[in-house]
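Peer 1: sequence and predicted structure are below.
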Amino acid sequence: MGGVVSAGEDNDELIDNLKEAQYIRSEAVEQAFRAVDRADYYLGEFRDSAYKDLAWRHGNIHLSAPCIYSEVMEALELRPGLSFLNLGSRTGYLSTMVGLILGPFGVNHGVELHPDVIEYAYEKLDFFIKNSKSFDRYQYDRVYCGAGVQRDHEDYMRRMLRVGGILVLPLEDKLTQIRRTAYNSWETKKIIAVSFAPLVLPKHAENSPPEPVPLPSMFEVRALQDLARISIRHVLTEAPPPRVIPRRRLLVGRQASARPRSIPQQQQLARAVLANRYTFVSRLLPEPLDRGQVYSAREEEEEQEEEVEEEEEEGEEEEEEQTDCRASERLSCDEEEQEEEEEERREAGALLQESPVNRLREQILGLPLPEPLKMYLLHYRE
């Protein structure tokens, strides 16, 4: 079966014909077909017919027509990370293309009946791994070359780009931007005139390809500890900041003066708990009932510093209150204090309504257990 599209001179032309006839419709399937040369899976004496849209059989070795494989690839709706089973995997041509789409985290299994075909498939797979450029081609979104490139090497540099990628390089004394818009199309933009040292090519023996440069793996599996650390940092970064009570502004004529209000420590704690839903579990952390002998010297120093700061804030507030009382022409100090107390009562009531309910604590307190055992279970701070 086959023969619905014209034959090609090479693998790329065959793929162009399949794409024009709408047998290949997705970019992933197109790249997989272009990365695996169909002729490499033919015996040497039959390579001339490899780019025809026809099936091929020689003994137990069999390849379906390219139009059939393209329809199968599109119908499978492949994507990275899936698992795939090929019943009757034959030469491994289809399984190799599928594996390029599944990626390193997918599962790619094949079942074949004939031992000679299995041996043939392993040979073709080894040849593909050693000689194919599909592992290091089209894998970069951005490329920069810091040496002067001549026209002879422009095509090689462009082929390292993915579709949608950008290459910036000095091309014939012009800093040039090359954008890959499709598999076989690029957009070129000249930026400025530059002068770079010429690109140095690696030396290798005549009539032999250059040795490949080993690159680090792009799909290395990270340790569970690293993944957990990344997740925790993301949660802490995305958490909303604590709410800040705006300063009360007093209007004196045309001038406005700002003065911070003192917030009770209990309200500050409740606001911090409401602001970050991830911190309310801190109330369940182990804490001894008698804290007098457990406090460290560091905690005592922090408490003393907080007391000193509170005294300084109170002193500053008293000075500001005296200044505001003298400057205010419309509001008296008594009215101002009453308004502040009413506002604090309203905010305290709102906080009591918004404070989260610890259902686990309520359920434990409702159990028919002695009070010391309940406190031990809750580690509750009295």
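Peer 2: Received it, and whenever you're ready, just let me know what you need. Residues are numbered from 1 along each chain as shown.
Peer 1: where in the protein is pLDDT low?
Peer 2: 1-4, 6, 133-139, 204-222, 239-301, 321, 323-334, 347-358, 376, 379-382 (pLDDT under 70).
Peer 1: now the strands for it?
Peer 2: For the chain, strands defined by DSSP state E occupy the ranges 56-58, 61-63, 83-87, 107-111, 140-144, 161-170, 174-182, 185-193, 248-252, 255-259.
Peer 1: for the third one, buried residues please.
Peer 2: In this case it means strand 83-87. Neighbour counts over strand 83-87 (16 or more other CB atoms under 10 Å) mark Phe84, Asn86 as buried. To be clear about C-beta, it is placed using only N, CA and C from the backbone, and glycine gets the same treatment.
Peer 1: got the contact list for it?
Peer 2: Strand 83-87 is touched from outside by 76, 78, 94-95, 98-99, 102, 106-111, with contacts defined as CB atoms under 8 Å, 6 or more residues apart in numbering.
Peer 1: how long is stretch 101-110 end to end?
Peer 2: Start-to-end span of stretch 101-110 (CA to CA, to the nearest Å) is 16 Å.
Peer 1: cool, and stretch 186-201?
Peer 2: End-to-end for stretch 186-201, by CA to CA: 24 Å.
Peer 1: ok so, going back, now, which of the contacts of strand 83-87 sits nearest Glu316?
Peer 2: Nearest to Glu316 out of those is Gly106 (CB to CB; 65.0 Å).
Peer 1: and that closest one, how many residues sit next to it?
Peer 2: Using other CB atoms under 10 Å, Gly106 is surrounded by 17 other residues.
Peer 1: got it, and Glu306?
Peer 2: Count around Glu306 with other CB under 10 Å applied: 11.
Peer 1: check the one 5 residues further on too.
Peer 2: Here the neighbour count serves as a burial measure; for Glu311 (other CB under 10 Å) it reads 10.
Peer 1: how much space between Arg233 and Leu227?
Peer 2: In this view, Arg233 and Leu227 are 11 Å apart by CB to CB, to the nearest Å.
Peer 1: my bad, Glu9
Peer 2: According to CB to CB, Glu9 stands 48 Å off from Leu227.
Peer 1: more neighbours: which of these two?
Peer 2: The neighbour count for Glu9 versus Leu227, taken as other CB under 10 Å, is higher for Leu227 (11 against 8).
Peer 1: returning to what we had before: TSV for the strands of the chain, including distance to Asp152?
Peer 2: Converted to TSV, the strands of the chain look like this (distance: least, CB to CB, whole Å):
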stretch	distance to Asp152
strand 56-58	37
strand 61-63	36
strand 83-87	41
strand 107-111	38
strand 140-144	18
strand 161-170	13
strand 174-182	15
strand 185-193	16
strand 248-252	72
strand 255-259	70
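Peer 1: figure out which of these is closest to Phe127.
Peer 2: strand 61-63 (14.8 Å).
Peer 1: direction included, what does that closest one pair up with?
Peer 2: Sheet pairing of strand 61-63 (DSSP bridges) gives strand 56-58 (antiparallel).
Peer 1: what are the buried residues along the strand it pairs with?
Peer 2: Applying 16+ other CB under 10 Å to strand 56-58 flags Trp56 as buried.
Peer 1: contact partners of that strand?
Peer 2: Tyr42, Leu43, Phe46, Ser49, Ala50, His62, Leu63.
Peer 1: how close does the third one sit to Tyr23?
Peer 2: Read that as Phe46. 23 Å.
Peer 1: ok, now the first one?
Peer 2: Per CB to CB, Tyr42 is found 20 Å from Tyr23.
Peer 1: ok, Phe46 and Tyr23, which is more surrounded?
Peer 2: Taking other CB under 10 Å, Phe46 and Tyr23 do not tie; Tyr23 has more neighbours (23 against 13).
Peer 1: which ones are touching the more buried one?
Peer 2: So Tyr23 contacts Val4, Val5, Pro66, Cys67, Ser70, Glu71, Glu74 (CB under 8 Å, 6+ apart).
Peer 1: contacts only, for Tyr144.
Peer 2: Contacts for Tyr144 were tallied using CB under 8 Å, 6+ apart; they are Leu167, Val168, Leu169.
Peer 1: take these and write them to TSV, including distance to Ile15.
Peer 2: As requested, the contacts of Tyr144 are exported to TSV (distance: CB to CB, whole Å):
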residue	distance to Ile15
Leu167	23
Val168	29
Leu169	28
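Peer 1: which of the contacts of strand 83-87 count as buried?
Peer 2: Here, 16+ other CB under 10 Å leaves Leu78, Leu94, Ser95, Val98, Gly99, Leu102, Gly106, Asn108, Gly110 buried among the contacts of strand 83-87.
Peer 1: any idea how far the residue lying closest to Glu27 once chain neighbours are set aside lies from Ala21?
Peer 2: Among residues not flanking Glu27 along the chain, Val163 sits closest, at 6.7 Å (CB to CB, 6 or more residues apart in numbering). When distance is defined by CB to CB, Val163 is 21 Å away from Ala21.
Peer 1: same check on Thr188?
Peer 2: Counting by CB to CB - Thr188 and Ala21 are separated by 30 Å.
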